[in-house]
Each structure stands twice: as C-alpha cells, then as structure tokens.
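Participant: dropping the sequence and predicted coords here.
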Amino acid sequence: KQEVTQIPAALSVPEGENLVLNCSFTDSAIYNLQWFRQDPGKGLTSLLLIQSSQREQTSGRLNASLDKSSGRSTLYIAASQPGDSATYLCAVVTGGTSYGKLTFGQGTILTVHP
Amino acid sequence: GAVVSQHPSRVICKSGTSVKIECRSLDFQATTMFWYRQFPKQSLMLMATSNEGSKATYEQGVEKDKFLINHASLTLSTLTVTSAHPEDSSFYICSAHRLGRDNSPLHFGNGTRLTVT
C-alpha cells in the first residue's frame, strides 16, 4: 500500500526566503507525482506534474524534483511571498497508467509573513 | 485551461436526508472522475473512481449504498450522500482526468462543504 509523507507539517517563514518542502513515498512504482496548492476551504490547484521518467519540473518560482529510486520529491519555492501562504499537497499515482489511484500526503501548511 | 465545476459549494442538511453533489468538466471530456473526502486538517482520501457508463469502483471501507455515484455522461458525475448523518459532515472534492491526455494533471473542483445537523 502506497503511503505518502510530507515534512514539515507546518512552516512559517518571513517574506523573501527560499524554502523547501519534502515529500516521500513508500512504493517507487509510480506513474507520476504532482504538487498541489490548497487554499482554506477551497479545492486543489495543480502546481507541477513530474512524470516518473523525469527528474524535475519548473514553473516560475517553483521547482519540483523527483528521485524515484529513493522515493522522494522536493518542492522548492524561491523568494517566497505572502500570497504563497497555503497548504501544499504532494500526491502520487501508483501503477502503470495515469488512471491509477492518487495517494496524497498530509500536506505542509505554509505561512509567509510580511 | 481545463476547468472542473462542483456544485453546490456548501450545503447544510438535516440528518436522514439525501444530498446530491455534481461534478462537471466544463471544457473537456472525462471518462474517469474521482471523488475524495477531506476531514479538517487532514489530507484527501479517495472514496471512489467514477467511470462513464459503468459502475463506480469504491475504495475499501466506503459504503456504496450510502455514497451513490452516477457518471451518466462524459462531462458529469454525481455523488449522492444518502440518509446523511452528522459523521458524514466533511469536505467533498471531485477531480477529472481529461480524455486522451494521459500525461496531463488531474483537475479538481472547488469542493463541497457538507454539514449535517
């Protein structure tokens, strides 16, 4: 059974700092890994999708890496802003197709204060 | 970009009544939609996989007779919480996979906050 763990559970940083969120998964047979952002009481916004054959993806100030063999991914946020405050969720699709089950981590609650 | 619409965003109902939640893919076809529930300060737990034209696949521990799923078209899936009880109060979120785009991310609705009194 796939298990996804995110560390830390919560993070508070001053504006402008660079930060790293960590995600680990127990079953390395993943199809892809996705990072999401969730604002309070809202649905999920997809930030980055990394296929199992890829090592990293970048979008603006966000960079996500994937080390499938060790079961780890990191989300790097550069020059953090108060608007980045949200819960960040890591999720993996396990199995050979994109229609496999999506297993979520517990999330990291990020607060960026001015 | 792809949009998934979920309705209603909030619903309050009395214990014993049924509530229907709709999930629509607005600008793409989705043969597969997923339903999740999220308890406060917890992550999303997959409840069931909804397949157009066939029966939904439920995760272990999810009662199929309590959470009825109907995926009648390529753009609409519904989740009906039957005979709701206070313990069913939760945040329900759907997601849809764009047909024919295996490498695309899942798109999520904005969720439905269900409160059963």
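Facilitator: Alright, I've got the coordinates. Numbers count the residues shown, from 1 in each chain, chains lettered A, B, ... in the order given.
Participant: quick check: residue A:110 touching residue A:83?
Facilitator: No: using Cβ atoms under 8 Å, residue A:110 is not in contact with residue A:83, being 10.9 Å away. C-beta here means a position set from N, CA and C on the backbone, and glycine is covered the same way.
Participant: those two: which has the busier surroundings?
Facilitator: Shown here are residue A:110 and residue A:83; by other Cβ atoms under 10 Å in any protein chain shown, residue A:110 has more neighbours (21 against 8).
Participant: ramachandran coordinates for that one?
Facilitator: Residue A:110 adopts backbone torsions of phi -100, psi 130, taken as degrees, to the nearest 10.
Participant: show me what contacts it?
Facilitator: A:10-13, A:19, A:21, A:77, A:80, A:84-88 (Cβ atoms under 8 Å, 6 or more residues apart in numbering or on different chains).
Participant: buried ones among these?
Facilitator: Among the contacts of residue A:110, those classed as buried by neighbour count (16 or more other Cβ atoms under 10 Å in any protein chain shown) are A:11, A:13, A:19, A:21, A:77, A:80, A:84-88.
Participant: who's residue A:30 bridged to?
Facilitator: Beta-bridge pairing of residue A:30 under DSSP bridges involves residue A:94.
Participant: equivalent analysis for residue B:73, please.
Facilitator: When bridges are called by DSSP bridges, residue B:73 pairs up with residue B:76.
Participant: what's the distance between it and residue A:27?
Facilitator: Going from residue B:73 to residue A:27 by Cβ to Cβ, to the nearest Å gives 34 Å.
Participant: show me where chain B has helices.
Facilitator: Read by DSSP state H, chain B holds no helices at all.
Participant: can you list the weak-confidence ranges in it?
Facilitator: Applying pLDDT under 70 to chain B picks out residues B:1-2, B:99-105.
Participant: need the contact list for residue A:56.
Facilitator: Residue A:56 is in contact with A:50, A:63-66, counting by Cβ under 8 Å, 6+ apart.
Participant: and what of residue B:94?
Facilitator: By Cβ under 8 Å, 6+ apart, the neighbours of residue B:94 are B:4, B:6, B:21, B:23, B:33-36, B:77, B:79, B:108-109.
Participant: as TSV, those with neighbour count would be great.
Facilitator: What follows is the contacts of residue B:94, written out as TSV (neighbours: other Cβ atoms under 10 Å in any protein chain shown):
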residue	neighbour count
B:4	26
B:6	21
B:21	24
B:23	28
B:33	30
B:34	25
B:35	27
B:36	24
B:77	31
B:79	26
B:108	23
B:109	27
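Participant: which of those are close to chain A?
Facilitator: Residues of the contacts of residue B:94 in contact with chain A (Cβ under 8 Å from any Cβ of the partner chain): B:4, B:6, B:34, B:108-109.
Participant: from the residues you listed, which ones fall inside strands?
Facilitator: Using DSSP state E, the subset of the ones next to chain A among the contacts of residue B:94 located in strands is B:4, B:6, B:34, B:108.
Participant: need the max-distance pair from those.
Facilitator: The span of these, defined through Cβ to Cβ, is set by B:6 and B:34 at 12.1 Å.
Participant: which stretches in chain A count as strands?
Facilitator: Assigned by DSSP E, chain A shows strands spanning A:4-7, A:10-14, A:19-25, A:30-38, A:44-51, A:56-59, A:62-67, A:72-77, A:86-94, A:102-104, A:108-113.
Participant: and the strands in chain B?
Facilitator: Applying DSSP E to chain B gives strands spanning B:4-7, B:10-13, B:19-25, B:32-38, B:44-51, B:57-58, B:67-73, B:76-81, B:90-97, B:107-108, B:112-116.
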